[in-house]
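Participant: sharing a model that was predicted from the sequence below.
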There are 2 protein chains.
Amino acid sequence: MKNHVSIGLLGLGTVGTGVAEIIYRHQDQLMHKVGCPIQIEKVLVKDGTKERGWPANDIVLTENPYDVLDDPELDLIVEVMGGVDETKEYLIRALENKKSVITANKDLMAVHGPELHEIARANGCDLYYEASVAGGIPILRSLSDGLASDRITKMMGIVNGTTNYILTKMIQDSRSFDDVLFEAQKLGYAEADPTSDVEGIDAARKMAILATLGFSMNVGLQDVDIKGISQVSGEDLAFSKKMGYVMKLIGIAERDGDEIEISVQPTLLPATHPLAAVNDEFNAVYVYGESVGETMFYGPGAGKLPTATAVVSDVIAVIKNMRLGVSGKTVVTPQYEKKLKSDESIRSKYFFRLRVKDEVGVFSKMTQLFAANNIGFERIMQLPLEDEPGIAEIVLITHSAQKSAYERIVNELNDLDVVFQINSSYRVEGE
Amino acid sequence: MKNHVSIGLLGLGTVGTGVAEIIYRHQDQLMHKVGCPIQIEKVLVKDGTKERGWPANDIVLTENPYDVLDDPELDLIVEVMGGVDETKEYLIRALENKKSVITANKDLMAVHGPELHEIARANGCDLYYEASVAGGIPILRSLSDGLASDRITKMMGIVNGTTNYILTKMIQDSRSFDDVLFEAQKLGYAEADPTSDVEGIDAARKMAILATLGFSMNVGLQDVDIKGISQVSGEDLAFSKKMGYVMKLIGIAERDGDEIEISVQPTLLPATHPLAAVNDEFNAVYVYGESVGETMFYGPGAGKLPTATAVVSDVIAVIKNMRLGVSGKTVVTPQYEKKLKSDESIRSKYFFRLRVKDEVGVFSKMTQLFAANNIGFERIMQLPLEDEPGIAEIVLITHSAQKSAYERIVNELNDLDVVFQINSSYRVEGE
């Protein structure tokens, strides 16, 4: 081996620049950790003529991916360009050229992770992707190493900073979804097209990656049941708060025997739950292990330097493996076949907010319907609407119920003559 | 290598039994992770004749440590017996016999960690000790691997479950220290002799271990400035709360340039700080890194299975290293010389609760004294004491001040004729 490690970087956007900054700024410390200097030698960029300041000055820029992927002088490839199909081809090429790969790409890993892992292993290369979930929080490493001896039974994650920022501001400042989203877009916390964030797709990708690792099964994006936050109203948040809950967009990955459930949805958590205090754009992953019990990992879920920290920590791990001669040997293939739970075996409490006729017998008709579906109530409140005589609002929280029964009752409530409308219904977790 | 890994266990108390339980219960999963079966072959116990049920039935018990330490059939040693001097000799013997060691022993690691690391390295062995800090929370691994690329500048830890339980109950139920301590002893959350916990010594050991790893310096227990919680009163907690703070026993390890400060003391945190919500016997370590910013790691700090999870996760790591042929090569020696900050360069805000004469001019005399010591006020409240006419209570929070100035003013306030008593004073952090 040469007396230094040469990195090829794919992409020099926000995260790529952060990676270069950390590698240059912490060179002494990194050298102490891996035993040799680390250099970024070549970077794939979209526009090679663009003026860039430090730390790009000393690096060769190229617009041709194969200048990087096929360069025999490069020891490993760091991918921070994003994208799925083309990027996947690049990473396969790098792995087939016996270069270990570090990626921050959740879109890619959530869909093609298992395939890429296979190719990495077959070529004796590492494939690390800590930055793909929860930015600066070392959650993947904690699942694969720190909690390696335990059997993880449940993970709940606030793994999308944009939606957590929006919900936090909606709750704290009593503002509407549209209003906060607009502000988040101005501040750069939300994309111009916010669909992937607000509809829960980004969070779902991360939950698929977490579940794959935590449960040792190949879980993909298609296995995740997804609901976003665009329908969450100020009334929902106010009533949740009144009942002692906080609304968060929660990704749930739960194992029950050999079956699992993966979902993302706006969820009510007790105000005392560790995740309830995770505000603004912060992320956190709550992990329940059979032996360890409750743990939580909290930190920044995105941002140039936090994400770059995760990437460069992966670079250190990959270089250590290279120098120890164990590349491609440290990661384990999934142990279990994936089996998804049916809607009959998925259970949770639910919150309902209903608009009903304010007259005698309404309660009785409603409760009969819930009883017929085997759903009990934990709490129920009826409030007359001051500006709408003859109409009342009912807010209730059920006992634990089957998801199938929940879905059935949503239909049946809509058919009930005394119910004008189901304003909203949400899953309740963390009790 | 044999087709299985043989473990010698030192100690079969609570944690030792937990280790055996996890190894037997999760055998399939562990085998998948390390590629071969793991067996506990021999255990050092105090009383070999004592009746023990599962999982001890199939294990050879011995009262002679050298039966374990010198057994050539054993591949690695797990130490969960506690103790310092004798235990240290045992671990040195094991390492000199080329057996890697996993220990949960914070007392030992806080004092002899650097020496043991040297011996391990010289013998090509691993020495892992995740369970020694914050039980089930994989914090050491997060510092050494997950945040490896970052420069850690500050760690604040709630790393003693007993004191966190006591403070939580004192705050939530308005009970006295003695009352809650007595209850904690009955529940088994506090030892019969609680000194090491309540006086902050246990937390100090853990902070020494965290600082050694996080700052890459050899930090020992003697470097930690320690104050416990036995003097914390209900009034202190009530006034803290009134001003928007929560009292916790906080270990602080802070780096400023190439100098560090390590201390443990009852500390006021803003109620919105992530550590403020860590209640009961839970632990958490808040880590600030230059690039990653704020992160926090939360979980159980003690207990049979949580601690055993950390031990067995270390066992997995050590076995992986053995099978990959890299034992003793993955850990890095400290990079920096330890330099402790002087009291002039340690700065923080302080909370004071003073008992003063309720008369004209008191405020003026006091504020002159603070001004002469270059300490400004952030907030100050004076409250007459209803049942003691002529006496008032002043509660104040200073701006950031030198520790040396704080200590000077404590003496000078005691000499001031209008001040009867400094009821209490605490550090304020997290703003």
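Facilitator: Thanks, I have it.
Participant: for the rest of this, base every contact and every neighbour count on C-alpha atoms.
Facilitator: OK.
Participant: can you list the weak-confidence ranges in the stretch 51-200 of chain A?
Facilitator: Applying pLDDT under 70 to the stretch 51-200 of chain A picks out no residues at all.
Participant: around chain B, pick out the residues from it.
Facilitator: Counting by C-alpha under 8 Å from any C-alpha of the partner chain, the residues of the stretch 51-200 of chain A close to chain B are A:136-138, A:141-142, A:145-151.
Participant: list the ones among these that fall in strands.
Facilitator: Among those, no member falls in strands (DSSP state E).
Participant: three-state assignment of the residue of chain A positioned farthest from its centre?
Facilitator: In chain A, counting by C-alpha atoms, centre = their mean, A:Val360 sits farthest out from the average C-alpha position, at 46.0 Å. Following DSSP: H, G, I helix; E, B strand; the rest coil, A:Val360 is assigned to coil.
Participant: now it: how far from A:Val418?
Facilitator: 10 Å (C-alpha to C-alpha, to the nearest Å).
Participant: before we move on, back to that, closest to A:Tyr298 among the residues of the stretch 51-200 of chain A next to chain B?
Facilitator: Minimum distance to A:Tyr298 across those is 6.5 Å, recorded for A:Ile137 (C-alpha to C-alpha).
Participant: so what's that closest one up against?
Facilitator: A:284, A:297-301, A:310, B:146, B:295 (C-alpha atoms under 8 Å, 6 or more residues apart in numbering or on different chains).
Participant: just the helices from the stretch 301-431 of chain A, written as ranges.
Facilitator: Using DSSP state H, counting those that start in this stretch, the helices of the stretch 301-431 of chain A run over A:304-324, A:362-372, A:403-415.
Participant: A:Lys352 contacts A:Gln421, correct?
Facilitator: Just to correct that, residue A:352 is Phe rather than Lys. No: taking contacts as C-alpha atoms under 8 Å, A:Phe352 lies outside contact range of A:Gln421: 10.8 Å.
Participant: neighbour count winner among these two?
Facilitator: Shown here are A:Phe352 and A:Gln421; by other C-alpha atoms under 10 Å in any protein chain shown, A:Phe352 has more neighbours (19 against 16).
Participant: what's the burial count for the spatially closest residue to A:Gly200 that is not a sequence neighbour?
Facilitator: Leaving aside its sequence neighbours, A:Gly200 sits nearest to A:Gly228 (C-alpha to C-alpha, 6 or more residues apart in numbering or on different chains; 4.6 Å). Number of residues near A:Gly228 (other C-alpha under 10 Å) recorded here: 20.
Participant: surely A:Gly228 is in a strand?
Facilitator: No: per three-state DSSP, A:Gly228 lies outside any strand segment and is coil.
Participant: from chain B, how far out is it?
Facilitator: As defined by C-alpha to the nearest C-alpha, to the nearest Å, A:Gly228 lies at a distance of 26 Å from chain B.
Participant: outline the domain layout of chain A.
Facilitator: With automatic domain parsing as the criterion, the domains of chain A are listed as A:5-135+A:304-324, A:139-300, A:347-428.
Participant: go through those and name the closest to B:Pro55.
Facilitator: Of all the domains of chain A, the one in closest proximity to B:Pro55, counting by C-alpha to C-alpha, is domain A:139-300 (15.7 Å).
Participant: next, the distance between the ends of that closest one.
Facilitator: Domain A:139-300: ends 12 Å apart by C-alpha to C-alpha.
Participant: same check on stretch A:405-423?
Facilitator: Terminal residues of stretch A:405-423 are spaced 18 Å apart (C-alpha to C-alpha).
Participant: any residues touching it, and which ones?
Facilitator: Applying C-alpha under 8 Å, 6+ apart, the set of residues contacting stretch A:405-423 is A:344, A:350, A:352-357, A:362, A:366, A:369-370, A:373-375.
Participant: kindly recompute the last result at 6 Å.
Facilitator: Contact partners of stretch A:405-423, identified using C-alpha atoms under 6 Å, 6 or more residues apart in numbering or on different chains, comprise A:353-357.
Participant: distance from the chain centre to it, please.
Facilitator: 31 Å (C-alpha atoms, centre = their mean, to the nearest Å).
Participant: for A:Asp236, grab the count of nearby residues.
Facilitator: 22.
Participant: correct me if wrong: A:Val19 contacts A:Thr307.
Facilitator: No: contact between A:Val19 and A:Thr307 fails when scored by C-alpha atoms under 6 Å: they sit 8.4 Å apart.
Participant: run through who's touching the host helix or strand of A:Val246.
Facilitator: If you go by DSSP states H and E, A:Val246 is part of strand A:245-256. With C-alpha under 6 Å, 6+ apart as the test, strand A:245-256 has contacts from A:153-158, A:260-271.
Participant: kindly report the same for stretch A:311-324.
Facilitator: Here stretch A:311-324 has contacts from A:34, A:131, A:327, B:146, B:148-149, using C-alpha under 6 Å, 6+ apart.
Participant: switch the cut-off to 7 Å
Facilitator: A:19, A:34, A:102, A:104, A:126, A:128, A:130-131, A:327, B:145-149, B:326 (C-alpha atoms under 7 Å, 6 or more residues apart in numbering or on different chains).
Participant: helices - which of the residues you listed land there?
Facilitator: A:19, A:34 (DSSP state H).
Participant: so which of the contacts of stretch A:311-324 comes closest to B:Glu393?
Facilitator: B:Leu147 (45.6 Å).
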